[in-house]
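Trainee: A structural model of the following input is requested.
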Amino acid sequence: MNYREFIADPARACAIVAHRGIWRDAPENSLLAIERAMAAGCDVVEIDIRASSDGGLFLLHDETLTRMAGLDAALEDLSSQHLSALRLRNRDGGAQNALKEERLPRLAEVFELTRGRIFLHLDVKEREVIPDVIACAKAMGVEGQVDLWASLTSEEDLAWIRETIEPHDVLFMAKTRLNAPDAASQLALLSALSPSVCEIYFDRLDELSALDGLLRESRMALWVNTLDSVACAGFTDTAAGVDPEAVWGRLIDAGISVFQTDEAAALKSYLAARRA
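Mentor: Sure thing, here's the model as predicted:
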């Protein structure tokens, strides 16, 4: 089963997306954190991608290497050879976390490690790098295992997605803000594209009703982040730790079927108990 088939399967359980891998005792965005996400039975792992000065593709969230490698420099300004030698700080980095033996991974290493084992949500930090990421995935034969997302807030965005991503048959995830002043135009663009999955943002749960017609027509899956830093309407991982039914349960009842979380084990346990 490829990623698109998995997302579209009406019989699947809620999907668990491990944010930057499972990084509680491994550097975020590292091969070890990704390996632990696979061992924990997560469905998808989210990774962040940037390009080096010579076009190499590496995993890093921040604009600089300060937090994760203790180096005050942008990844984009360094060569692949230099980057490959960098050790990563444990967990989510910073001076309080020690450097580990884990190195800054190349995207190709991730594709090799995860081949046939887990789906990948590719958060490419600069849109112009996306064609190179697609080319790497296709060259390694893993294009059916990955998704990409980009802004969909204008006709120009829609045209770019159709020209750059759709011809390669890679799963695309839109991001739509139901709480934005231009929510109506974002919904119109979403309807025109009709992707398999959409990441949604909202201020109130009842705002999801704006998607009712589109969901009936397209069977589009809805993705929500419960990460504390970007969660909507107080539906956070921390709140779920206190009352999972009030967070993950209410979101499931509202039609959410994909969760990105930093608490993959707790979510997995809750979903198992809910099914019992």
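
Trainee: in the stretch 151-276 of the chain, which spans are strands?
Mentor: 171-177, 197-201, 221-225, 258-261 (DSSP state E, counting those that start in this stretch).

Trainee: okay, these in JSON lines with distance to Gly94 and mean neighbour count next?
Mentor: The way it works is simple: take the backbone N, C-alpha and C, and place the C-beta from them, glycine included. As requested, those are exported to JSON lines (distance: least, C-beta to C-beta, whole Å; neighbours: other C-beta atoms under 10 Å):
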{"stretch": "strand 171-177", "distance to Gly94": "28", "mean neighbour count": "21"}
{"stretch": "strand 197-201", "distance to Gly94": "27", "mean neighbour count": "21"}
{"stretch": "strand 221-225", "distance to Gly94": "22", "mean neighbour count": "23"}
{"stretch": "strand 258-261", "distance to Gly94": "21", "mean neighbour count": "25"}
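
Trainee: right, so of the ones you listed, which gets closest to Ala188?
Mentor: With C-beta to C-beta as the criterion, Ala188 lies closest to strand 171-177 of the strands of the stretch 151-276 of the chain, at 10.4 Å.

Trainee: what packs against that closest one?
Mentor: The contact analysis (3 or more C-beta pairs under 8 Å, 6 or more residues apart in numbering; DSSP states H and E) places strand 171-177 against helix 3-8, strand 146-151, helix 183-193, strand 197-201.

Trainee: CA atoms of the first one as PDB?
Mentor: What follows is helix 3-8 as a C-alpha-only set of coordinates in PDB (Å, rounded to 0.1, in the frame of the first residue of the first chain):
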ATOM      1  CA  TYR A   3       0.900   6.600   1.100                       C
ATOM      2  CA  ARG A   4      -2.000   7.900  -1.000                       C
ATOM      3  CA  GLU A   5      -3.900   4.500  -0.700                       C
ATOM      4  CA  PHE A   6      -3.200   4.500   3.100                       C
ATOM      5  CA  ILE A   7      -4.600   8.000   3.500                       C
ATOM      6  CA  ALA A   8      -7.700   7.200   1.400                       C
END
